[in-house]
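> below are the sequence and a predicted model for it; my questions follow.
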Amino acid sequence: MKLICLPYAGASYYSYRMLENCFPTDIRTITLDLPGHGKRFREPLLTNISEMSEDLYHQIKPELNEPYALYCHSMGGLLAYHVCLSIYHDNLLKPRHLFVSGHNAPSVPINEQVKNVSSLSNIAFIEGLVKLGGVPEEVLKEKDLLELFMPILRADFKAVETYQYKKADFLIDVPITVMIGTDDILTSVEGSLSWRDFTSAKINMIEFTGAHFFIFDNWIEIAKIICTTLKKLTR
């Protein structure tokens with residue numbers, strides 16, 4: 001089965017390489033770049049969730065001709081939901097499962113601590129990122145790398161900050177597994193369980209020890225969860 005991985009803020013096609021390495025050969029991962037990220041770094045950045053999800057949807061559309069699942073982290077949760085809406089709108093093959101980590105349901109407002117982060121000074125912005133635990137040490141130490149990533153991260157954060165949820169007139173009939181960190185200031189048990197209001201299928205929630213980027217220390221366990229779930233689906 002194919003596992004399509006949608007990017008989190010600042011991520012590129014390369015960001016899920018550790019997860020890819022944990023899978024057996026019968027799971028093919030597809031990773032993507034948004035405009036201005038990774039291989040598409042020369043393209044203008046987007047600052048709107050709707051435009052981002054539309055871009056991703058058109059990228060994966062040719063892949064939706066055989067069984068697949070979606071995995072996403074953080075900002076990717078919003079993108080995945082809107083991609084699913086587009087898939088339903090065009091009556092295409094729906095995902096067999098949606099795996100969401102590090103994001104509450106789309107209807108839940110973002111934490112006050114990260115509102116308007118994109119407009120902070122460089123120093124305050126970096127401090128905010130460090131608090132989330134999502135900035136690799138090598139990036140913090142290299143001024144050139146920071147300058148390269150700063151506009152990308154600001155654009156992605158702006159997209160999340162300005163997102164306005166609008167209720168769809170239907171539910172997605174897709175089972176959802178939600179994974180959150182126990183110390184993540186951006187998610188909550190209640191907010192994560194609110195994904196049940198978006199699907200007519202089952203929802204499962206799993207807690208990991210760690211902050212927002214608990215995924216970096218748990219790729220093997222996350223891969224096991226995904227593999228076990230997908231194997232049940234293919235029986």
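Looks like it arrived, so ask away.
> which element, helix or strand, includes I4?
strand 2-6 (DSSP states H and E).
> quick one: mean pLDDT over that strand.
Averaging pLDDT along strand 2-6 yields 97.
> who does that strand pair with, and is each partner parallel or antiparallel?
As defined by DSSP bridges, the strand partners of strand 2-6 come to strand 28-31 (parallel), strand 68-73 (parallel).
> show me how far the longest one is from its chain's centre.
Looking back up the chat, that one is strand 68-73. Offset of strand 68-73 from its chain centre (CA atoms, centre = their mean, to the nearest Å): 8 Å.
> which strands and helices sit next to the longest helix seen in the chain?
Counting residues, the longest helix found in the chain (DSSP state H) is helix 143-161. Packing partners of helix 143-161 (3 or more CB pairs under 8 Å, 6 or more residues apart in numbering; DSSP states H and E): helix 49-60, helix 75-89, helix 122-132, helix 137-141. For the C-beta atoms, the positions are set from N, CA and C on the backbone; glycine is no exception.
> so what strands line up beside the following helix or strand past it?
Following helix 143-161 in sequence order, the next helix or strand is strand 176-181 (DSSP H and E). For strand 176-181, the pairing partners within the sheet under DSSP bridges are strand 98-101 (parallel), strand 203-208 (parallel).
> pLDDT averaged over the longest one - what is it?
Per-residue confidence for strand 203-208 averages out to 97 on the pLDDT scale.
> what separation is there between the residue positioned nearest the centre of the chain and N91?
Nearest to the geometric centre of the chain sits G76, at 2.2 Å (CA atoms, centre = their mean). According to CB to CB, to the nearest Å, G76 stands 24 Å off from N91.
> with K158 instead?
Taking CB to CB, one finds K158 at 32 Å from N91.
> which one's more surrounded, those two?
Neighbours per residue, other CB atoms under 10 Å: of K158 and N91, the larger number sits with K158, 19 against 7.
> so M205 makes contact with S194?
No: in this structure M205 lies outside contact range of S194 using CB atoms under 8 Å: 10.4 Å.
> give me the contacts around the longest helix of the chain.
Applying CB atoms under 8 Å, 6 or more residues apart in numbering, the set of residues contacting helix 143-161 from outside is 9-10, 34, 36-37, 45-49, 52, 75, 78, 110, 114-119, 122, 125-126, 129, 138-140.
> L120 reaches L129, doesn't it?
No: here L120 lies out of contact with L129, judged by CB under 8 Å, at a distance of 10.0 Å.
> those two - which one has more neighbours?
More neighbours surround L129 than the other of L120 and L129, with 23 against 14 (other CB under 10 Å).
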